[in-house]
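Colleague: Structure of the sequence below:
(chains A and B)
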Amino acid sequence: MRRWVALLLAIGCGACAAADVPSWMPPSTDTVILRLPANIKASASRRERIAALMDAGSASGEEQYFGQAESLLLAAAEPERSSLNLQYARLLQHRHAFEASLQVLNALIAADGRATDAILMRAQIQLQLMHAHEAMQDCVAIQRFTNFLVFATCAAQARAGLGDVQGGYALVTAAMSRGAPPGATYSWSAGVAAELADRAGRAEEAGGWYAIAWQQDPRSHYARMTYADWLLAQHRAEEAAKVASQSAAMSDRLRTVLAEGRRDSASARRLLLAWQEAQARGDRSYLADHARFEWQLGGSLGTARELALAAFADRADPDSARLLAGIAAASGDRATLQRLQVWRQKQGYVDSRLERLLGAST
Amino acid sequence: VSRCAPTALIVLLAALGGVAEAHTGGSSFMSIEQLSALQFRMQVDMDLRDISQAVLLDTNGDAMLTWGEVLQGRSGIEALLAMRTAFSSGGQPCRIQSQESLRLAAHGEGDFLRITQSLTCANADLAIDDSRWFAVDPLHRSLLEYHALDAAPSTAIMTADTPRWQAGSGRSATVRRFAVQGMHHLFTGYDHLAFLGVLLVGLWRRGRDGTRLAPRAVLGAALRVITAFTLAHSLTLALAAMNILRVPAGPVEATIAASVVLAAVLNLPRRGVGHGWKIAFAFGLVHGLGFASALAELAGRVDFLGLAAFNVGIELAQLSIAAAVLPLLWWLFRRPAGERLGIPVASLAIAALASVWLFQRLQGMGL
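Modeller: So this is what the prediction gives:
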């Protein structure tokens, strides 16, 4: 803790205040200074506006739109508020308030046992909480009410969560081979197939699925981000930059900067400033991204390690674990690798990428 | 729900995948400079994404916001700011005297719209109420930097839980704040405490002729030690705070730890001349540089008043520690056996502890 505090002091935020940030004036009144989400109409109903804001957040990766959606939702009075509960649960899930989200969903499902969306969302939360048995129960429960691909994708995730990653991969790919209409559902299934292929150690196949997920839903921030990550891992920096540069979200900007490979570029400096500003306002969601920046762009491994440890302490999930394991392996930090190995075994999480990194500890 | 129709939720699941990220609200940055007793210059950087949710800026509806559209919407933007952020003093709203041209400010997350205004208020006790921002967006964060005429700049984060801010009430608030910080720094600065403690322990040693000082003489010697330490560290603290003297923190911290070890070791010979005030002065110079680092962390730049108040806080803390420790030492060392055993044991324990600090600090410097 003391080291973390010291690190924060060391990073500081010398240029966070308004007075210290450079200002400029666009050269012409025609200069475009911001792209707005096209589908948010002031005349739309509250429900439509919330949905549009969430859609804008999902597409752009700009978390602020989720914040605005939540604000709009919280301002609703009863009975309208109750009718927005599914969206509320989704927003709570998105900001990792899993228990609160589960409470809302449980109430919805208790009122309507066939509330497919609520059950499917509960399954996704159980997966994020690494409660694979409970997730599987929910996946099975929706089998009768939804199409096979949705059920199979959900069940494949749960199966992987139970330790059978190969089986999960086989299930989702078999379901996809039956044919399904292109679009968001197919993109979701392809994204799951890609993740499971990656975890099963089939990196090449994973790449194909990541590409399909992105092509099927090019607006999806998640599909864009995961595909860019895979390209970066394959050292295909130019292609990764092309994919990531389609959005100005912080996470996409990080991937663009990683693809450029320079920590002194203007975009890299801007990213660092954004993290300093986030730190100044008490936001810690950037820690993992900053750790990755320090690690992969030749910064201090010590700083990267401290940031990754803090990110893992905030959110002990597979992504944080893989990042921390990568940094710990690079810095020869056996104690952290062993700690992660214990965490992985306790969670029963199967991932060949993580296991390879943790191999350095044995 | 139809068996074959993909649910609407899938669209979002596909977008989120299995991973969710903590989301944030909007943020704004405010810098206020006090120009005179009643005049302030205020600069607010607002996120255009927030503004465009409340003010119709994209008049042609092409989802591309141009600089011209922002300029056209200026009155709406200023009305929004006036509605969401209230400036007042003594319960009276401040008056906006003049507005400067709109600009864009290059923040990390993107270009924010910069609005600069001059305010005239009823008195110097400026108050800001951002409650209406949080009514619209509970996740919003306002970062404030305030430059008062007579005090070091201060910063604050305004959130839904702390939506209001009030400027300190002038000089007395500054003096109190820095004095408290000075006391806090000494009470929590174990190395400074250890140094002071080991010097006070050394005062009870016998002289070369085998005699020991009377308690009253010990008190006089303690005053000399504290005065020497104070003079020395005040000197370097002032020089460092004024940027005249610049020494990297690593060597300073290591030397402070070394000073504790040395002072403790010098207590070990059973008899000897008193060395307290000389050591106190010599190493007090280095401890002053350590205090300067703490002050810099606290306030960045600091004016004379803040510096003096910080120093007074340190002295008050020192005197209170001496007042508590000296009677205790007198009681411990009142018998020859207590003095024979107690002084070396206490000194060795502090020396051992300080050696660990020295080792850690040298390691931290890569040595």
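Colleague: Listing request: residues of chain A with sub-threshold pLDDT.
Modeller: For chain A, applying pLDDT under 70 flags the ranges A:1-19, A:38-43, A:360-362.
Colleague: Relative to chain B, which residue of it is the closest?
Modeller: A:Ala274 (2.5 Å; CB to the nearest CB). No exception for glycine: its C-beta is placed from N, CA and C like everyone else's.
Colleague: contacting residues around that residue?
Modeller: A:Met250, A:Tyr286, B:His107, B:Gly108, B:Glu109 (CB atoms under 8 Å, 6 or more residues apart in numbering or on different chains).
Colleague: swap in B:Ile77?
Modeller: Applying CB under 8 Å, 6+ apart, the residues near B:Ile77 are B:Met46, B:Ile51, B:Val55, B:Leu57, B:Val70, B:Leu102, B:Leu113, B:Ile115.
Colleague: which among these are in contact with chain A?
Modeller: B:Val70 (CB under 8 Å from any CB of the partner chain).
Colleague: Could you identify the most distant pair in the contacts of B:Ile77?
Modeller: B:Leu57 and B:Ile115 (14.0 Å; CB to CB).
Colleague: ok, how many other residues are close to B:Thr188?
Modeller: 11 (other CB atoms under 10 Å in any protein chain shown).
Colleague: neighbours around residue 131, how many?
Modeller: In the absence of a named chain, this looks at chain A. 18.
Colleague: sorry, should have said chain B
Modeller: So B:Ser131, with other CB under 10 Å, has 13 neighbours.
Colleague: right, and it touches B:Pro163 too?
Modeller: Yes. Counting by CB atoms under 8 Å, B:Ser131 does reach B:Pro163; the two are 4.3 Å apart.
Colleague: And what about A:Gly298, helix, strand or coil?
Modeller: coil (DSSP: H, G, I helix; E, B strand; the rest coil).
Colleague: how near is it to A:Ala328?
Modeller: 17 Å (CB to CB, to the nearest Å).
Colleague: more crowded one of these two?
Modeller: A:Ala328 (26 against 10).
Colleague: any residues touching the helix or strand hosting A:Ala311, and which ones?
Modeller: Take DSSP states H and E as the rule and A:Ala311 turns out to sit in helix A:301-314. Residues from elsewhere that reach helix A:301-314 (CB under 8 Å, 6+ apart): A:3-4, A:7, A:284, A:287-288, A:290-292, A:294-295, A:320-321, A:323-324, A:327-328, A:330-331, A:333, A:336.
Colleague: Stretch B:352-365 too?
Modeller: With CB under 8 Å, 6+ apart, stretch B:352-365 has contacts from B:Asp191, B:Ala194, B:Gly250, B:Pro251, B:Glu253, B:Ala254, B:Ala257, B:Ala258, B:Val260, B:Val261, B:Ala264.
Colleague: Now that stretch: buried residues?
Modeller: For stretch B:352-365, burial by neighbour count (16 or more other CB atoms under 10 Å in any protein chain shown) applies to B:Leu353, B:Ala354, B:Ser355, B:Trp357, B:Leu358, B:Arg361, B:Leu362.
Colleague: so of the residues you listed, which ones are in helices?
Modeller: B:Leu353, B:Ala354, B:Ser355, B:Trp357, B:Leu358, B:Arg361, B:Leu362 (DSSP state H).
Colleague: Of those, just say which sits nearest to chain A.
Modeller: B:Arg361 (12.4 Å).
Colleague: For the residue nearest the centre of chain A, give me phi and psi.
Modeller: What sits nearest the mean C-alpha location of chain A, by CA atoms, centre = their mean, is A:Tyr222, with 6.4 Å. Phi and psi for A:Tyr222, reported as degrees, to the nearest 10, are phi -70, psi -40.
Colleague: Please enumerate residues in contact with stretch A:20-30?
Modeller: Against stretch A:20-30 from outside (CB under 8 Å, 6+ apart): A:14-15, A:33, A:273, B:29, B:45, B:66-68, B:71, B:101, B:103-107, B:114.
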